[in-house]
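Peer 1: have a look; sequence and predicted model below, questions after that.
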Amino acid sequence: MSAMHAELATGPTIKLPPPRSTGGLPLMEAFGQRKSSRKFSTRSLELQDLADIFWAGFGLSRPHLGTGINSPGSHTAPTAHNWQEIDIFAAMAGGLYLYDPADNELRGLLQEGIRRFPGNPMQPFVLDAPVILIYVADLERMDDAGDWDKSVFPWADTAVIAENVYLACASLGLATVVRALFDRPALSMAMQLRDTQLVTFSQPLGYPG
C-alpha cells in the first residue's frame, strides 16, 4: 500500500480467509457460464467469496517468483512490462477499501460512503450490489512508459483482471458486470486519488437478484 493510502487508512481492516485456489468449475465450463448480470441481491457477500474473488482478480499466485518492483510476487493476471500498476478498491457498506494481495486483506481507507459515485441514474442496479470493485492504475509505477503506453496499457491490464473476476463469479455463482459509465472526476475526488492515479473501470458484484 502506498504512503498516500497509508495516510488515508482510517477505516477497519478486513482480514480475508485464505482463498480457495483449487476446485470450482472446470475452466471450460466457467467460460460457458460467464456472463454480464444487472440484477443483484443486496445480501452481503461471504468473506470466503470475497477472498476468492480478489485472489482470482489480482492475487499472488506465485509469491516468490515475481520480478516486478511493485509486488512481492507474481499475480493471477499479467500486466504489460510487469508494471503491476493496477490496484483494486472496493466500495462497500463500511466505506472504501483497498485490496492488499500480499497480506490478503482489505485495508479500510475512507469510512464515508462513496458508493453513489460509481453509479449513475441510468444504471440504478449498481447500488443494489453489495460490493463495487473500482480499478485504479497508478501511472507512477509505469517506469519509462510513454504517453501511448499510459493511454493503452492501464485499460488492457484492467480488462484482464476484470475477466478473471468474471470467471471466478461464474464458478462461485455470483453476478457481475464490468462498467465504464460513471463520473470519473467526481469518483476520483471522492476517493482522494492523486493526479497520477487513473480510474479505469468499475465492476459491481454480488449474489444474483
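Peer 2: Okay, I see it. Just so it is clear, the model here is predicted, and its values are computed rather than measured. Numbering: from 1, shown residues only.

Peer 1: and R116, how far from Q192?
Peer 2: 16 Å (C-beta to C-beta, to the nearest Å). Every residue, glycine included, has its C-beta placed from N, CA and C.

Peer 1: and what of P130?
Peer 2: Distance from P130 to Q192, by C-beta to C-beta: 23 Å.

Peer 1: with neighbour numbers in mind, choose between those two.
Peer 2: For P130 versus Q192, the count of surrounding residues by other C-beta atoms under 10 Å is larger for P130: 21 against 15.

Peer 1: pLDDT weak spots in this structure?
Peer 2: 1-10, 63-72 (pLDDT under 70).

Peer 1: ranges for the strands of it?
Peer 2: All strands of the chain, identified by DSSP state E, fall at 14-15, 60-62, 74-75, 86-92, 95-100, 105-110, 131-138, 175-176, 197-206.

Peer 1: quick one: which of those is nearest D157?
Peer 2: D157 lies closest to strand 86-92 among the strands of the chain, at 5.4 Å (C-beta to C-beta).

Peer 1: mind giving me the packing neighbours of the closest one?
Peer 2: Applying 3 or more C-beta pairs under 8 Å, 6 or more residues apart in numbering; DSSP states H and E, one finds that strand 86-92 contacts helix 47-58, strand 95-100, strand 131-138, helix 147-172.

Peer 1: the residue nearest to the spatial centre of the chain bridge partners, please.
Peer 2: Per C-alpha atoms, centre = their mean, the C-alpha nearest to the average position across the chain is that of I88, at 3.2 Å. Here I88 sits in beta bridges with Y135, going by DSSP bridges.
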